[in-house]
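[1] model the structure of this input:
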Amino acid sequence: MTTIIPTAPMADKRTSTQNRSRSQARKAALGSFIGAVVDWYDFLLYGIVAALVFNGEFFPKVSPAMGTLAAFATFGVGFLFRPLGGFVFGHYGDRLGRKRMLVLTVMMMGLSTAAIGLLPAFATIGWWAPVLLVTLRAIQGFAVGGEWGGAALMAVESAPEKKKAFYSSGVQVGYGVGLVLSTGLVAIISRSMDNASFLSWGWRLPFLFSVVLVLIALWIRSSMEESQEFVEKVAKREALGEARPRLPIVEALLRHPKAFLLIIALRLAELFTMYIVTAFALNYSTANLHMPREFFLSIGLLVGAVSCVTIPCFALLADRFGRRRIYIIGALVGMFSAVPFFLALDARSTVWIVVFAVMLANIAHDMVVSVQQPMFTELFGTEYRYSGAGVGYQVASVVGGGFTPFIAVALVSFAGGSWHPVAGYLAVGCLISVLVAARMKTGRTVD
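    Presented below is the predicted three-dimensional model:
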């Protein structure tokens, strides 16, 4: 038997290809991460400032309670436009490629955020102020709707086969960094000036800072290469003489209709835990419990910073021990932490508030999101994956995330100030996610 030994040029070519593949994977992961930082900084900053400022600056002609509801309703408007962004950017991302869409989403998100920082208040332009605020929030939602699908796909499709959760976890780490930046800037500015100055103009500075982040993101994303998996799939179709799907979202719906419902149910644990801790609890603790706003801003800083470590660590565990196992453990932690978190709030116990905020935001939330990128994108075929996973992800954002602070505030109002309905709302959402994940089949979808 003759053994064929690769010649040096063949070995060098193989090594060069492997090095190029690793470099592409790293660039894709970095580009996805930095874009996520920009988008989540902008998106979360709005929620933080809405809880503190927007009721008085943009809705002063209504009662304080109704002003808060109106401010959180504008927060939810961004989520309503996320599925549209997922559809539009997903459509062109599946037909033209992921990279082009990711450049557009980060530009649109950053510019609309900076515009909010320049927007005159109600006292200056009357009802045009809330109208323009809602419009800019809608643009934010449209842009971020196209971001997650493309960023997740670039990272997942470029990553090594057995490290897809880890390489794509930067999409979610970007959330933590965005949370640290947005909360940190608001906290620093809040502490560096008196309350009147902060409410008048200080809150605008973090919105204007978005321009700096956008420039950094554009510089990094310009060096990314298109997803190799996408390029290979397109080349294969063209070689066989097959046409690309005219409407990728329709193809995704027809082939995998249950996948959309799975994504919605699986995101409930993530969305309920994070938005109740970072948006609702900030308002509830200041308005109902008269706690200083700096306390929950500091908690936002803490959970954001910790998530930069916990998310990639949980992703590594998921690559080793299985995504579904990590997901279920996280959702269960969220379910069992709901009531203790509100008991700690009610008792104004700062230590226990911090402990259970970390349990909800850094254990439950971070375990769940660490596996979402490969778990969700692999529910769909390559050529309609941007549309399918992107739209499914953003529809879930509307159902489970956008109006969570609004619903939580309404539940407290209806219950006469009691937190019990909100705790039940959080626990039931996590339970639904646990049950769906436990029955979910594992394995990659075949194109």
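[2] which element is the closest residue to residue 121 other than its chain neighbours on?
    Nearest residue to residue 121 in three dimensions, chain neighbours excluded: residue 57, at 4.5 Å (CB to CB, 6 or more residues apart in numbering). Quick note: C-beta positions are derived from backbone N, CA and C, even for glycine. Using DSSP states H and E, residue 57 sits within helix 55-58.
[3] tell me what that helix is packed against?
    helix 64-80, helix 128-158 (3 or more CB pairs under 8 Å, 6 or more residues apart in numbering; DSSP states H and E).
[4] hey, least reliable of those by pLDDT?
    Mean pLDDT is lowest for helix 64-80 among the helices and strands packed on helix 55-58, at a mean of 69.
[5] give me the below-cutoff pLDDT ranges for the stretch 1-150 of the chain.
    The model of the stretch 1-150 of the chain has pLDDT under 70 over residues 1-21, 51, 60-72, 75-76.
[6] now the stretch 301-447 of the chain
    For the stretch 301-447 of the chain, the ranges with pLDDT under 70 are 382-383, 401-402, 442-447.
[7] residue 176 and residue 395, how far apart?
    As judged by CB to CB, to the nearest Å, residue 176 and residue 395 stand 24 Å apart.
[8] of these two, give the one with the bigger neighbour count.
    residue 176 (26 against 21; other CB atoms under 10 Å).
[9] can I assume the more buried one is in contact with residue 307?
    Yes - using CB atoms under 8 Å, residue 176 is in contact with residue 307, at 3.3 Å.
[10] for the closest residue to residue 278 other than its chain neighbours, grab phi and psi.
    With CB to CB, 6+ apart as the criterion, residue 278 has its nearest non-adjacent residue at 5.4 Å, and that residue is residue 300. The phi/psi pair for residue 300 (degrees, to the nearest 10) reads phi -60, psi -40.
[11] ok, residue 300 to residue 130 distance?
    Distance from residue 300 to residue 130, by CB to CB: 25 Å.
[12] ok, now which ones touch residue 35?
    Counting by CB atoms under 8 Å, 6 or more residues apart in numbering, residue 35 touches 102, 105-106, 147, 151, 174, 217, 221.
[13] now do the strands in the stretch 201-350 of the chain.
    Ranges of strands within the stretch 201-350 of the chain: none, based on DSSP state E, counting those that start in this stretch.
[14] re earlier: how many neighbours does the residue nearest to residue 121 have?
    Neighbours of residue 57 (other CB under 10 Å): 24.
[15] enumerate every residue touching it.
    By CB under 8 Å, 6+ apart, residue 57 lies in contact with 121-122, 129, 199, 203.
[16] now these in TSV, with neighbour count?
    Formatted as TSV, the contacts of residue 57 follow (neighbours: other CB atoms under 10 Å):
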residue	neighbour count
121	20
122	18
129	20
199	16
203	23
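[17] quick one: which of those is nearest residue 254?
    Relative to residue 254, the closest of the contacts of residue 57 is residue 129; by CB to CB it sits at 44.2 Å.
[18] just the helices and strands packed on helix 55-58: most buried one?
    Comparing the helices and strands packed on helix 55-58 by mean neighbour count (mean count of other CB atoms under 10 Å), helix 128-158 ranks first with a mean of 25.
[19] which is the next helix or strand following that helix?
    Going down the chain from helix 128-158, the next helix or strand is helix 164-168, by DSSP H and E.
[20] buried set for the helix or strand that that next one is followed by?
    As assigned by DSSP H and E, the chain's next helix or strand after helix 164-168 is helix 170-192. Neighbour-count burial for helix 170-192 flags 170-187, 189-190 (criterion: 16 or more other CB atoms under 10 Å).
[21] now swap in stretch 340-358 and tell me
    Buried-residue list, stretch 340-358, by 16+ other CB under 10 Å: 340-342, 344-345, 353-354, 356-358.
[22] what is the most widely separated pair among the residues you listed?
    342 and 358 (15.1 Å).
[23] what backbone torsions are found at the spatially closest residue to residue 128 that is not a sequence neighbour?
    Leaving aside its sequence neighbours, residue 128 sits nearest to residue 120 (CB to CB, 6+ apart; 8.0 Å). Dihedral pair for residue 120: phi -60, psi 150, per degrees, to the nearest 10.
[24] for the stretch 301-447 of the chain, what spans make up the helices?
    With DSSP state H, counting those that start in this stretch as the definition, the stretch 301-447 of the chain shows helices at residue ranges 323-347, 350-358, 365-369, 372-377, 385-397, 404-414, 420-439.
[25] identify whichever of those helices lies nearest to residue 26.
    helix 372-377 (15.9 Å).
[26] I figured residue 348 was touching residue 290, is that so?
    No - counting by CB under 8 Å, residue 348 stays clear of residue 290, with 9.3 Å between them.
[27] wait, residue 285 sits on residue 297?
    No - taking CB under 8 Å as the definition, residue 285 is not a contact partner of residue 297, at 10.5 Å.
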